[in-house]
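S.K.: The following comprises the amino acid sequence and a computationally predicted model.
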Amino acid sequence: MSGEYDDIINLPYPVSTKHPPMPISDRAAQFSPFAALTGYDAEIKEAARLTSERVDLTEDATYLLNEKLHLLMDAISDCPTVTITHFLPDKRKNGGAYVLSTGTVKKFDDYEHTIIMTDGKKISTQEILDIEWQ
């Protein structure tokens, strides 16, 4: 079993006396991938992110929702805890998402058509899908 490199195969690895060895973290960085298009990955993720469309309520559903809003206005002095299902528009693209907000109603703003919760959250009455409370 004599090979072409038998004379050097067991020699120790040469270490430079002039230059200190490079840290392992720096050595790994030189092989990291290169991003030629900065921000391209973020744009792809944003385009792939799904949003929902706003649901248009029927006349019956709108009537029931208005009844619930009037009942809630009458009961506001009792500080009811409500769960409001409402549409939250997306700031970057068309559509949005339906979210549940639970809390105590502080007041109604008739001028801006919003419900103001005790935690400061404002919910537009035009975005509400459903209201539940006990």
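M.R.: Nice, thanks for sending it over. Residues are numbered from 1 along each chain as shown.

S.K.: hey, where'd the strands end up in this protein?
M.R.: Assigned by DSSP state E, the chain shows strands spanning 81-89, 96-109, 114-117, 122-124, 128-133.

S.K.: chain center to the helix or strand bottoming out on mean pLDDT in the chain, what's the gap?
M.R.: Ranked by mean pLDDT, DSSP states H and E, the helix or strand of the chain with the weakest confidence is helix 24-29, at a mean of 79. Distance, stretch centre to chain centre, for helix 24-29: 33 Å (Cα atoms, centre = their mean, to the nearest Å).

S.K.: Show residues contacting stretch 57-75.
M.R.: Counting by Cβ atoms under 8 Å, 6 or more residues apart in numbering, stretch 57-75 makes contact with 80, 82, 105, 108, 125, 128, 129, 130, 131, 133, all of which sit outside it. For the C-beta atoms, the positions are set from N, CA and C on the backbone; glycine is no exception.

S.K.: Please convert the buried members of those into PyMOL selection syntax.
M.R.: Buried residues within these, by 16 or more other Cβ atoms under 10 Å, are selected in PyMOL with:
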select buried, resi 82+105+108+125+128+129+131+133
